[in-house]
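K.L.:
Quick one, fold the following:
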Amino acid sequence: MFRKSNSGILWSYIDQEIWGYLLTHFTIAALICQGATAAGIDPDRVRYTRTMRLVRRRVGDPSSSP
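P.N.:
Below you'll find the predicted structure:
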């Protein structure tokens with residue numbers, strides 16, 4: 001099995017964290033745009049932090065399963 005040095009493993013985790021944050025940000029921005037368009041309002045009027053809190057609550061809620 002191939003082993004990386006400790007610094008290589010650390011950078012691998014950092015890369016994964018960065019990509020995770022970028023993907024999460026893009027997904028929430030897409031949800032904002034989709035929801036605002038469906039409601040007939042300008043997406044710039046929807047606050048990112050409030051949407052993020054709403055998503056956190058919905059993801060943690062067991063009754064919101066598909």
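K.L.:
so what's Cys33 up against?
P.N.:
Shown in contact with Cys33 (C-beta atoms under 8 Å, 6 or more residues apart in numbering): Pro43. The C-beta positions use only the backbone N, C-alpha and C, and glycine is treated the same way.
K.L.:
Any buried residues in the one helix or strand it maps to, and which?
P.N.:
Per DSSP states H and E: Cys33 is located in helix 6-39. Buried residues in helix 6-39, counted by 16 or more other C-beta atoms under 10 Å: Ile28, Ile32, Ala36.
K.L.:
low-confidence ranges in the protein?
P.N.:
For the chain, residues meeting the criterion pLDDT under 70 lie at 1-8, 64-66.
K.L.:
50 - rerun?
P.N.:
Low-confidence segments of the chain (pLDDT under 50): 1-2.
K.L.:
which residue is nearest the middle of it?
P.N.:
By C-alpha atoms, centre = their mean, the chain has its centre lying nearest to Thr24, at 1.7 Å.
K.L.:
In PDB, list the C-alpha atoms belonging to stretch 36-43.
P.N.:
Extracted C-alpha coordinates of stretch 36-43, given in PDB (Å, rounded to 0.1, in the frame of the first residue of the first chain):
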ATOM      1  CA  ALA A  36     -36.200  32.900  -5.600                       C
ATOM      2  CA  THR A  37     -37.000  32.400  -9.300                       C
ATOM      3  CA  ALA A  38     -39.900  30.100  -8.300                       C
ATOM      4  CA  ALA A  39     -41.200  32.700  -5.900                       C
ATOM      5  CA  GLY A  40     -40.800  35.500  -8.500                       C
ATOM      6  CA  ILE A  41     -38.200  37.600  -6.500                       C
ATOM      7  CA  ASP A  42     -34.700  38.700  -7.200                       C
ATOM      8  CA  PRO A  43     -32.100  36.100  -5.900                       C
END
